[in-house]
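# okay, here's the prediction I keep looking at, along with the sequence it came from:
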Amino acid sequence: MMMSRPVKKTTDKPRNLPPIRVRKEPPTISEAVAAAQDLADDVEQQVEIAAGLIGLPPDEVRPHVLQAAQALAAKPKLERAPERIISTGSGLRGPRTVIVERRAGRPLVVERRSRPPLDGRR
């Protein structure tokens with residue numbers, strides 16, 4: 001008859017991780033103005049958006065928005081690459097048209113490596 005020896009149980013308990021600390025920093029004036037320019041075309045709306053993002057009164061933000069608007073107007077606009085249309089005939093079906101357009105840049109992926117991923121099985 002075989003005798004089994006006792007198996008030692010593992011004591012791997014999930015460790016309590018410290019709470020995640022989040023730093024809250026308002027954006028700089030230039031960051032808020034750039035965001036406002038992307039969100040609205042009207043200068044007054046840009047002033048309101050930038051002031052709301054920073055937490056300053058609109059009168060303090062207005063000169064920065066006006067200065068950025070002038071710089072944007074003076075900057076030559078980049079034109080989009082022209083579209084290419086390739087058309088080939090295919091006997092029975094008639095001509096097929098393929099439109100090739102320039103793609104936007106690759107999306108930015110931010111990977112967080114400071115803490116291990118949460119696993120619900122532990």
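That came through fine.
# just say helix, strand or coil for the closest residue to G55 other than its chain neighbours.
Of all residues not flanking G55 in the chain, P26 sits nearest, at 5.7 Å (C-beta to C-beta, 6 or more residues apart in numbering). (Glycine included, C-beta is placed from N, CA and C.) With DSSP: H, G, I helix; E, B strand; the rest coil as the basis, P26 sits in coil.
# can you report how many residues lie near P26?
11 (other C-beta atoms under 10 Å).
# does H64 sit in a helix or strand, and which one?
Per DSSP states H and E, H64 falls inside helix 58-74.
# contacts for that helix next, please.
The list of residues contacting helix 58-74 from outside it, by C-beta atoms under 8 Å, 6 or more residues apart in numbering, reads 29-30, 32-34, 36-37, 43, 46-48, 50-51, 54.
# which of these are buried?
Among the contacts of helix 58-74, those scoring as buried are 29, 32-34, 36-37, 46-48, 50-51, 54 (criterion: 16 or more other C-beta atoms under 10 Å).
# and the pLDDT for R15?
On the pLDDT scale, R15 is placed at 76.
# which SS state does it fall under?
coil.
# could you count how many residues lie near it?
Neighbour number of R15 under other C-beta under 10 Å is 7.
# the strands in the chain, which residues?
Remark: strands assigned in the chain by DSSP state E are 84-90, 94-100.
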